[in-house]
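Participant: got a predicted structure here, sequence first:
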Amino acid sequence: MSALLTELPPALSGARHELTTPGVGRLSWYQDAPPAPVKDARPLVLVHSINAAGSAYEVKPLYDHFRSSRPVYALDLPGFGMSERSRRPYGPRLMTDAVHAMVAQVQQAHGGVAVDAIALSLSSEYLARAAAEAPTAYRTVGLVSPTGFNRAKLREGPPCSDRGQAGLYSVMGSPRFGRWLYEQLTRRSVIAYFLGRTWGSNNIDSGLLDYDCLISRPQGAEHAPLRFLTGFLFGGDSGTVYRALRCPVWVVHGVRGDFTNYVGLEAFRDNPKWKVDVLPTGALPHFEMLPEFIRAYRTWMQTLGVEA
C-alpha cells in the first residue's frame, strides 16, 4: 500500500481488513457488527459505485444503520479506496471476482450462510453477475440505481464482454496524460459538479465530497477510473446477467439527476422475484432519505418472510 493511502482516514468505522487473492490482488474491506450477536442475523455485504473517486464511503449511511443490528461488510473494489490500485486491465471480470472473494470471506466467517448484498449503480452489474454465478451464496440482492436499464432492449453481448473503446483508452490511459487528466477530473469543484448531477441538486453530502477529494489523491488512483471513462467497466451482457438471477431482487432508484431512465425494468415487471421502488431523490437515495430507504427495504424483506 502506498504511503499516502496509509495516511488517509478510514472511510467507515469498525475494523478494516485486507485480503490478497490470485487474479484480484489486494482487497480492502470494512466490517462491523452489534456488540452482542443478534440471533439469526444474516451478514450484509455492501458494494460502492464506480466513478472517478469511488470508495466504501458511498455506502456509509447503510453501513452505519445496519451495524447495530447485523454483521455488515463494505468492500473497496479493485482500483478504488484502500484496495490495490496498480495499472492493469480493470473490467467486469475483475470486479465480479472481487465480489466473489469478499462474499467467500464473509461466508467463511459465518458458517457458510447465504448473504444479503446491496450494490450501487454500475457495481449492480458486478453483484448481479456474482449472484448469477454463485446462486447459493446469496439470499437476496439489492440494486440501487443500477446501470443497464436505460434502453428497452437489454444488452445481451458475449459473456463477460465490456463496452471498452481501446483507441480512446490508448490516449486517455497513457501514463503522463492519464494522470494529468485524472487530476483535472478530481479537482474539488469538478467532483462537486458531478455529485450535483448525481443528486440532481446542489444539496450534496459534504462528507462524501470531502472523502472523494482525499481518496482520489494517492498514486495509481487514476488507473481504474480511466478504464471506467473509456467504457471497459461496463458489461456488454448486463441484460443476460440480470435475467440469470434466481434469488429475490430489490431495485430502488430516484427521479432526479442524470440517472432516471429505467425503461429496461419493464422486462421484469411480471417477474415475481423482482420488486422495484422509486423514491423522490437522486441516484443515491440512502443519503437523502435513509428512513424511507430502510422502510422500503424492510417491507420488501417482510414480503419474503425474512428479517432485514
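Facilitator: Yep, that arrived. For clarity, every value in this text was computed on a predicted model and none was experimentally measured.

Participant: what about the helices in the protein?
Facilitator: 3-7, 60-66, 92-109, 123-133, 166-172, 175-185, 188-199, 206-215, 223-229, 238-243, 285-288, 290-303 (DSSP state H).

Participant: and the second one, which residues are buried?
Facilitator: Residues of helix 60-66 classed as buried under the neighbour-count rule (16 or more other C-beta atoms under 10 Å) are K60, P61, L62, Y63, H65, F66. Every C-beta, even on glycine, is put in place using the N, C-alpha and C of the backbone.

Participant: for those residues, which one is nearest L181?
Facilitator: K60 (28.0 Å; C-beta to C-beta).

Participant: need the nearest residue in space to the closest one, chain neighbours excluded.
Facilitator: Counting by C-beta to C-beta, 6 or more residues apart in numbering, L12 is the residue found nearest to K60 once chain neighbours are left out, at 6.0 Å.

Participant: quick one: the one you found and V47, what's the gap?
Facilitator: 13 Å (C-beta to C-beta, to the nearest Å).

Participant: again with A267
Facilitator: Distance, A267 to V47, using C-beta to C-beta: 23 Å.

Participant: more neighbours: these two, which one.
Facilitator: V47 (32 against 16; other C-beta atoms under 10 Å).

Participant: on that earlier part again, the residue nearest to K60 against Y63, yeah?
Facilitator: Yes - under the criterion of C-beta atoms under 8 Å, L12 makes contact with Y63 at 5.4 Å.

Participant: now do stretch 53-60, average pLDDT.
Facilitator: Mean per-residue pLDDT for stretch 53-60: 98.

Participant: quick check: end-to-end length of it?
Facilitator: End-to-end distance for stretch 53-60: 15 Å, by C-alpha to C-alpha, to the nearest Å.

Participant: that older thread, which neighbours do L12 and V47 share?
Facilitator: Common contacts of L12 and V47 (C-beta atoms under 8 Å, 6 or more residues apart in numbering): V59, A74.

Participant: and G81, what does it touch?
Facilitator: By C-beta under 8 Å, 6+ apart, G81 lies in contact with A11, S28, H48, G54, S55, A56, Y57, I215.

Participant: between L12 and Y63, what contacts are shared?
Facilitator: Residues touching both L12 and Y63 (C-beta under 8 Å, 6+ apart) are Y30, D32, A56, A74.

Participant: closest one of those to L226?
Facilitator: Distance to L226 across the shared contacts of L12 and Y63 (C-beta to C-beta) is lowest for A56, with 20.7 Å.

Participant: need the contact list for the closest one.
Facilitator: A56 makes contacts with A11, L12, W29, Y30, L46, H48, Y63, A74, L75, D76, G81, as judged by C-beta under 8 Å, 6+ apart.

Participant: right, and H223 touches P89 too?
Facilitator: No - under the criterion of C-beta under 8 Å, H223 makes no contact with P89, lying 9.8 Å away.

Participant: and these two? which has more neighbours close in?
Facilitator: For H223 versus P89, neighbours defined as other C-beta under 10 Å are more numerous around H223 (24 against 12).

Participant: what's the closest non-adjacent residue to the more buried one?
Facilitator: With sequence-adjacent residues excluded and distances taken as C-beta to C-beta, 6+ apart, H223 is closest to R87, at 4.8 Å.

Participant: give me the neighbour count for that neighbour.
Facilitator: 15.

Participant: can you check A119 too?
Facilitator: A119 has 28 neighbours, counted by other C-beta under 10 Å.

Participant: pLDDT score assigned to it?
Facilitator: Note on A119: pLDDT of 98.

Participant: what sits opposite it in the beta ladder?
Facilitator: For A119, the beta-bridge partners are V47, L143 (DSSP bridges).

Participant: any idea how far it lies from L245?
Facilitator: Taking C-beta to C-beta, one finds A119 at 12 Å from L245.

Participant: and for these two, which residues touch both?
Facilitator: By C-beta under 8 Å, 6+ apart, A119 and L245 have these common neighbours: A128, V141.

Participant: surely C213 touches A53?
Facilitator: Yes - between C213 and A53 there is a contact at 7.4 Å, judged by C-beta under 8 Å.

Participant: between those two, who's got more neighbours?
Facilitator: A53 (26 against 15).

Participant: now do the contacts for that one.
Facilitator: Applying C-beta under 8 Å, 6+ apart, we find A53 in contact with T186, I191, D212, C213, I215, S216, A221, P225.

Participant: could I get the residues you listed in a markdown table, plus columns for distance to F293?
Facilitator: Output for those, formatted as a markdown table (distance: C-beta to C-beta, whole Å):
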| residue | distance to F293 |
| --- | --- |
| T186 | 28 |
| I191 | 23 |
| D212 | 21 |
| C213 | 25 |
| I215 | 24 |
| S216 | 26 |
| A221 | 29 |
| P225 | 27 |
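
Participant: quick check on these: which are buried?
Facilitator: Listed as buried from the contacts of A53 are T186, I191, D212, I215, S216, A221, P225; burial here means 16+ other C-beta under 10 Å.
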